[in-house]
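[1] A predicted structure for the sequence below; I have some questions about it.
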Amino acid sequence: MEHIKVNSVSEAWRAAARIFPTDYEMNEESSKRAGYPIYETTSTDERFFGFHISDLNTRLEVNMGNETVTIWIEEDAFEIVVKGLTEEEKESLKEVVDKEIRRIKYRRHKAETSNLRYVIDLNS
């Protein structure tokens with residue numbers, strides 16, 4: 001089984017498109033049964049029977065007959081460095097940032113967006 005690591009959802013889908021040999025579309029029935037989105041080949045060629053992509057949120061599993069490629073989506077990471085704050089201000093800022101990061105991740109997951117372009121204004 002091959003493993004690929006990427007930094008965003010859109011990059012994961014680009015990688016899947018490069019290795020998946022046919023077009024694909026979401027299969028509503030299979031997705032409902034599995035509890036996560038499943039995209040199946042649109043090809044009627046017997047060589048591609050059963051080929052599909054499972055969207056498992058933190059990874060895509062690209063299943064092509066006897067071969068499976070897992071595309072791992074690593075979270076975007078960033079660091080905030082703020083100098084000159086008191087301990088109380090640091091703790092208050094940490095609470096605000098932690099809450100905002102959780103909100104961003106939730107919105108990102110729900111919207112299935114891939115570009116993390118949020119600004120946290122520390123002056124407001």
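    Received, thanks. Bear in mind the structure is a predicted one, so any value in this text is a computation, not a measurement. Numbers count the residues shown, from 1 in each chain.
[2] Would you mind giving the domain segments of this protein?
    Domain segmentation of the chain under automatic domain parsing yields 2-73, 78-124.
[3] which of these has the lowest average pLDDT?
    Lowest mean pLDDT within the domains of the chain: domain 78-124, a mean of 62.
[4] hey, which of the domains of the chain is tucked in deepest?
    domain 2-73 (a mean of 15; mean count of other CB atoms under 10 Å). Glycine gets a C-beta too; all of them are placed from N, C-alpha and C.
[5] So what's the gap between that domain and the chain middle?
    Chain-centre distance of domain 2-73: 13 Å, with CA atoms, centre = their mean, to the nearest Å.
[6] Between the two ends of that domain, how far is it?
    14 Å (CA to CA, to the nearest Å).
[7] Please enumerate the helices of the protein.
    Under the criterion DSSP state H, the chain contains helices at 9-19, 28-34, 87-111.
[8] and Thr68, which of these is closest to it?
    helix 9-19 (10.8 Å; CB to CB).
[9] All set, thanks.
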